[in-house]
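Novice: Pasted the sequence and its predicted model underneath.
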2 protein chains.
Amino acid sequence: MALERCLRCGARAASVCSAVEDADSLAILAHHAHGMVVEAGQCFIDEEEPARFFFNVTAGTAKLFKLLPDGRRQIIGFAGVGAFLGLTAAEHHAFGAEAVERMELCRFDRKALTGFIHECPEFEHRLLVETTREIGILQAQVLLLGRKTARERLATFLVQRQELAHGSDVVRLPMTRTDIADHLGLTIETVSRTFGALRKAGLIVLPDPHSVKILDGAALRAIAFGEND
Amino acid sequence: MALERCLRCGARAASVCSAVEDADSLAILAHHAHGMVVEAGQCFIDEEEPARFFFNVTAGTAKLFKLLPDGRRQIIGFAGVGAFLGLTAAEHHAFGAEAVERMELCRFDRKALTGFIHECPEFEHRLLVETTREIGILQAQVLLLGRKTARERLATFLVQRQELAHGSDVVRLPMTRTDIADHLGLTIETVSRTFGALRKAGLIVLPDPHSVKILDGAALRAIAFGEND
DNA sequence: CGCTGTCTTGAGAGTCCTCAACCGTGGTGG
DNA sequence: CCACCACGGTTGAGGACTCTCAAGACAGCG
């Protein structure tokens, strides 16, 4: 039954759902959950679209983006396992979402879940913690885009990715160079050149375009935090 | 008594406090509130400082900023009447706050208010709405910093300021050119030149450095949203 | 084997930054 | 009363970082 799926969910520990502990409430939550798969490159939230669903990422990675009429794109962030998407102050989404790699999602009807949230203070509390954390991440991104150089931006990105990988030396980058560029407010060429510069400086190795081996994490962090050029 | 002060508070309608409606809860909230005045230029939150207090802005405007070790500054946003400051996922503040003009604040002890919030679901719900709104604002700022030109950034800023002024043609800018530059990821010279360019184009008039009269709001919005050059 | 898509690398251009001078206002004090 | 200074803002000239345009390398795939 549905409840079992939630209990066995690999993303449960990382997600807001872990706030729901008692079996009755979890049964209700499970009842509203609809599992789905999204293939790489597929869009599952359209910017400006009415916000009908919430999504919980249970596998894979998504890119969240905003577009300008002439096609310029800014990737607001990447959503990995445990991310909760679709909360919005307005009645429509303020950004689009597209799978970077094959994803598994848990979809909730927005109206139904909104009612459930109101009756489950622990869930709402956990959401508040998550939105607060998200604000901190976005503020850091604002600093990056407003005041950091290309080199500092890429170093920051790599440090963040390494933290997501629990400090492992080898970091996987499921997104393309274009995605990284649109995330860091740069062009694909500048991203590529800056990767090359970090490699030449002996800070990283690039076995292939979708993974990085970090040789000198301390130096990378120093660059990221603006402690030297 | 304290309750009366909350009930008569001019910022109440605009703030999260309006979520607390019943008298008993409001009395508890009022009991934790400590009114204070901060003069222009004074700092009331230091970056990295342990987060001991929440603040509710009841008058004036603050700038919220992050610094890099070499002095580069990014203004994350401006906090006006009704803004609730100090929510953080970590135990210390991730940004500093300084009064742009004389301010009045309502200060709450973080631990005490956190306890209150847990017992007042309406308050927590309202905080979630506000943090969600804040996320939307920050995402728009990320788009601005990552992908907009200087002209588009300043136009966006003026449009936002006009909305805060309820659409009035004459918009007050309490902050300095340096503050605007640090908010838009530009230099003071570029801000000044871009103001000049918008003035020459007949879109705005600058009676003095701290106010703008908007002559062609539609054109300004078109520039802001990237619908033309 | 050619096609497609992604990434890399190079050369030149452009937007914005840096450095610098100048202007206007307000406050201070001789 | 006015010289002087501090501060914020404006304007100009030159430079730099990143972008644009372009070509080439490489892997995957029909």
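Specialist: Yes, it's here.
Novice: Domains in chain A, by residue range?
Specialist: According to automatic domain parsing, chain A comprises the domains A:2-143, A:149-224.
Novice: Chain A: helices as residue ranges?
Specialist: Listed in chain order, the helices of chain A (DSSP state H) span residues A:2-8, A:23-32, A:110-118, A:121-147, A:150-164, A:177-184, A:188-200, A:217-224.
Novice: What are the contacting residues of the shortest one?
Specialist: Looking back up the chat, that one is helix A:2-8. Taking contacts as C-beta atoms under 8 Å, 6 or more residues apart in numbering or on different chains, the residues outside helix A:2-8 that touch it are A:R12, A:C17, A:A23, A:L26, A:A27, A:L29, A:A30, A:H31, A:A33, A:G35. In this view, the C-beta of every residue, glycine as well, is placed from N, C-alpha and C.
Novice: go on, the fifth one?
Specialist: Applying C-beta under 8 Å, 6+ apart, the contact partners of helix A:150-164 are A:80, A:144-145, A:148, A:168-169, A:171-173, A:180, A:183-186, A:190-191, A:194-195, A:197-198, A:204, A:212, A:214, A:217, A:220-221, A:223-226, A:229.
Novice: Around A:G10, how many other residues sit close by?
Specialist: When neighbours are defined as other C-beta atoms under 10 Å in any protein chain shown, A:G10 has 12 of them.
Novice: separation between A:F108 and A:L154?
Specialist: From A:F108 over to A:L154 the distance is 36 Å, taken as C-beta to C-beta, to the nearest Å.
Novice: With A:G226 instead?
Specialist: 13 Å.
Novice: Give me the more crowded residue out of the two.
Specialist: Each of A:G226 and A:L154 has its neighbours counted (other C-beta under 10 Å); A:L154 has more, 26 against 20.
Novice: mind checking pLDDT for the more buried one?
Specialist: The score at A:L154 is 98. That number is its pLDDT.
Novice: can you pull the pLDDT of the most far-flung residue of chain A relative to its centre?
Specialist: In chain A, the residue that sits farthest from the middle, by C-alpha atoms, centre = their mean, is A:D24; the gap is 30.1 Å. The model reports A:D24 with a pLDDT of 91.
Novice: circling back: and of the helices of chain A, who's closest to A:E91?
Specialist: Shortest separation from A:E91 across those is recorded for helix A:110-118, at 9.6 Å, computed as C-beta to C-beta.
Novice: Does at least one residue of the closest one sit close to chain B?
Specialist: Yes - Helix A:110-118 lies in contact with chain B when judged by C-beta under 8 Å from any C-beta of the partner chain; the contacting residues are A:H118.
Novice: quick one: buried residues of that helix?
Specialist: Using 16 or more other C-beta atoms under 10 Å in any protein chain shown as the test for burial, helix A:110-118 gives A:R110, A:L113, A:F116, A:I117.
Novice: next one: that helix to chain centre, how far?
Specialist: Going by C-alpha atoms, centre = their mean, to the nearest Å, the spacing between the C-alpha centre of helix A:110-118 and its chain's C-alpha centre is 23 Å.
Novice: Over to stretch A:7-16?
Specialist: Between the mean C-alpha location of stretch A:7-16 and the chain-wide mean there is a distance of 16 Å, by C-alpha atoms, centre = their mean.
Novice: now stretch A:207-216
Specialist: For stretch A:207-216, the gap between its own C-alpha mean and the chain's C-alpha mean amounts to 20 Å (C-alpha atoms, centre = their mean).
Novice: Spatially central residue for chain A, please.
Specialist: Taking C-alpha atoms, centre = their mean, chain A has its central residue at A:A79, 2.0 Å away.
Novice: since we're on the nearest residue to that one once chain neighbours are set aside, how many residues are nearby?
Specialist: Nearest residue to A:A79 in three dimensions, chain neighbours excluded: A:A62, at 4.4 Å (C-beta to C-beta, 6 or more residues apart in numbering or on different chains). A:A62: 27 surrounding residues under other C-beta under 10 Å.
Novice: can you pull the contacts of A:A62?
Specialist: The neighbours of A:A62, taking C-beta under 8 Å, 6+ apart as the test, are A:V38, A:F44, A:F78, A:A79, A:A83, A:L85, A:A97, A:E98, A:A99, A:V100, A:M103.
Novice: now these in JSON lines, with pLDDT and distance to A:R52?
Specialist: As requested, those are exported to JSON lines (pLDDT from 0 to 100; distance: C-beta to C-beta, whole Å):
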{"residue": "A:V38", "pLDDT": "96", "distance to A:R52": "16"}
{"residue": "A:F44", "pLDDT": "96", "distance to A:R52": "12"}
{"residue": "A:F78", "pLDDT": "98", "distance to A:R52": "23"}
{"residue": "A:A79", "pLDDT": "98", "distance to A:R52": "18"}
{"residue": "A:A83", "pLDDT": "98", "distance to A:R52": "18"}
{"residue": "A:L85", "pLDDT": "98", "distance to A:R52": "12"}
{"residue": "A:A97", "pLDDT": "97", "distance to A:R52": "13"}
{"residue": "A:E98", "pLDDT": "97", "distance to A:R52": "18"}
{"residue": "A:A99", "pLDDT": "97", "distance to A:R52": "18"}
{"residue": "A:V100", "pLDDT": "97", "distance to A:R52": "23"}
{"residue": "A:M103", "pLDDT": "96", "distance to A:R52": "18"}
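Novice: wait, which of these is closest to chain B?
Specialist: Distance to chain B, by C-beta to the nearest C-beta, is smallest for A:L85 among the contacts of A:A62, at 11.3 Å.
Novice: ok, what's across the strand from the closest one?
Specialist: On the basis of DSSP bridges, A:L85 takes part in beta bridges with A:F55.
Novice: For it, give me its contacts.
Specialist: When contacts are counted by C-beta under 8 Å, 6+ apart, A:L85 is found next to A:I45, A:F54, A:F55, A:N56, A:V57, A:A62, A:L64, A:A79, A:A97.
Novice: where does chain A have low pLDDT?
Specialist: A:1, A:228-229 (pLDDT under 70).
Novice: Closest approach to DNA strand D from it, which residue is it?
Specialist: A:T190 (3.1 Å; C-beta to the nearest atom of the strand).
Novice: what about that residue, distance to A:R221?
Specialist: Noted for A:T190: a distance of 21 Å to A:R221, by C-beta to C-beta.
Novice: Check A:D179 too.
Specialist: With distances taken as C-beta to C-beta, A:D179 is found 23 Å from A:R221.
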